[in-house]
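Participant: Predicted model and sequence below, questions to follow.
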Amino acid sequence: MHVHVNAAVSVDGKLSSTRREQISISGDEDFARMETIRAESDAVMVGVGTVLADDPSLERHDESLGREPPARVVADSRARTPTDADILAGDRPTYVLASAAAPEDRRRALERAGATVIVAGDERVALPEAFDELASHGISRLMVEGGGELIFSLFAAELVDELTVYVGSMIIGGRGAPTLADGDGFVDEFPTLELRDVARLDDGVVLTYDV
Ligand SMILES: NC(=O)C1=CN([C@@H]2O[C@H](COP(=O)(O)OP(=O)(O)OC[C@H]3O[C@@H](n4cnc5c(N)ncnc54)[C@H](O)[C@@H]3O)[C@@H](O)[C@H]2O)C=CC1
Ligand SMILES: Nc1nc(O)c(N)c(N[C@@H]2O[C@H](COP(=O)(O)O)[C@@H](O)[C@H]2O)n1
């Protein structure tokens, strides 16, 4: 499976503020670029932290490409996604990746709300195992939008193939504000990236890396 992480950060590397509310870091051109990546993907993924903070629909995509809209995927160890979340609305498939720690009643409630629940791992979602299961559902191109906890785990599990980061010309600051890669952080060995492209867009830059 090809995994493409795409996110927007401030110059100081933040995904949003200490309030964890969605901020328009991207301008119109970058949102259009994001929509194109969504449309080229079989599925778009976020962590449940993003679902709880932003309630994204992951719906906006570039229809001119003439492909089926992408499925949606949530990494949600304890099945906390609200049953009325936008990510479950409409007909597109939604896969909730949960762990064995997810209460049975929550898993059932999400299935009743239309989700396909995939259980992998004991406490947190075992991402390699869950991705194998997604591949068996025909997902071969996965776009990941965030947030920082999920992106860190994907790098830690060496699952990222491509990274695009829009750096908006703003400072957000805040010790507790989410960054592109949070989690426990790397201390000995650090994933290295190969810079493939730099492009000016809106009032910022898009950095494209192979991992
Ligand atoms: N500027 C941007 O491009 C984006 C910004 N955001 C922002 O990011 C923030 C949310 O990010 P986070 O709080 O970091 O939450 P997150 O969206 O990364 O979700 C983390 C949660 O995912 C679940 N999870 C399950 N298995 C996991 C695993 N193996 N590794 C990591 N997490 C796993 C856990 O419950 C964990 O708490 C919000 O403020 C949102 O606005 C989110 C996406 C894009
Ligand atoms: N690419 C990008 N640029 C920004 O400035 C952002 N704030 C985000 N946030 C993420 O975009 C998604 C919103 O989804 P919907 O448009 O509501 O479907 C969600 O993942 C946000 O966290 N992204």
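Facilitator: Right, received. Where do you want to start? Ligands and ions are numbered 1, 2, ... in the order given.
Participant: From His61, how far off is Val3?
Facilitator: Separation of Val3 from His61 (Cβ to Cβ, to the nearest Å) stands at 18 Å. Bear in mind the C-beta positions are built from the backbone N, C-alpha and C, glycine included.
Participant: for Ala113, same thing?
Facilitator: Between Ala113 and His61 the computed distance is 22 Å (Cβ to Cβ).
Participant: same deal with Ala102?
Facilitator: 29 Å.
Participant: elements contacting the lowest-mean-pLDDT helix or strand in the chain?
Facilitator: Lowest by mean pLDDT, DSSP states H and E among the helices and strands of the chain is helix 28-40, with a mean of 95. In terms of contacts (3 or more Cβ pairs under 8 Å, 6 or more residues apart in numbering; DSSP states H and E), helix 28-40 is packed against strand 2-10, strand 141-146, strand 162-168, strand 194-201, strand 204-210.
Participant: okay, the helix or strand that it is followed by in CSV with CA atoms only?
Facilitator: Following helix 28-40 in sequence order, the next helix or strand is strand 43-47 (DSSP states H and E). Listed in CSV are the C-alpha atoms of strand 43-47, where the atom choice follows Å, rounded to 0.1, in the frame of the first residue of the first chain:
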residue,chain,number,x,y,z
ALA,A,43,-9.1,6.2,1.1
VAL,A,44,-8.3,9.2,3.3
MET,A,45,-7.3,8.6,7.0
VAL,A,46,-7.3,10.7,10.2
GLY,A,47,-6.8,9.9,13.9
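Participant: From the neighbour counts alone, determine which of Ala113 and His61 ranks first.
Facilitator: Taking other Cβ atoms under 10 Å, Ala113 and His61 do not tie; His61 has more neighbours (21 against 16).
Participant: what's that one in contact with, if anything?
Facilitator: His61 sits next to 35, 38-39, 69-70 when contact means Cβ atoms under 8 Å, 6 or more residues apart in numbering.
Participant: can you rerun that using 10 Å?
Facilitator: Contacts for His61 were tallied using Cβ atoms under 10 Å, 6 or more residues apart in numbering; they are 34-41, 44, 67-70, 143.
Participant: Show the buried residues in those.
Facilitator: By neighbour count, with 16 or more other Cβ atoms under 10 Å, the contacts of His61 hold 34-35, 37-39, 41, 44, 69-70, 143 as buried.
Participant: buried stuff in stretch 198-208?
Facilitator: For stretch 198-208, a neighbour-count test (16+ other Cβ under 10 Å) marks 201-202, 204-208 as buried.
Participant: can you check stretch 5-23 too?
Facilitator: Residues of stretch 5-23 classed as buried by neighbour count (16+ other Cβ under 10 Å): 5-10, 14-17, 20, 23.
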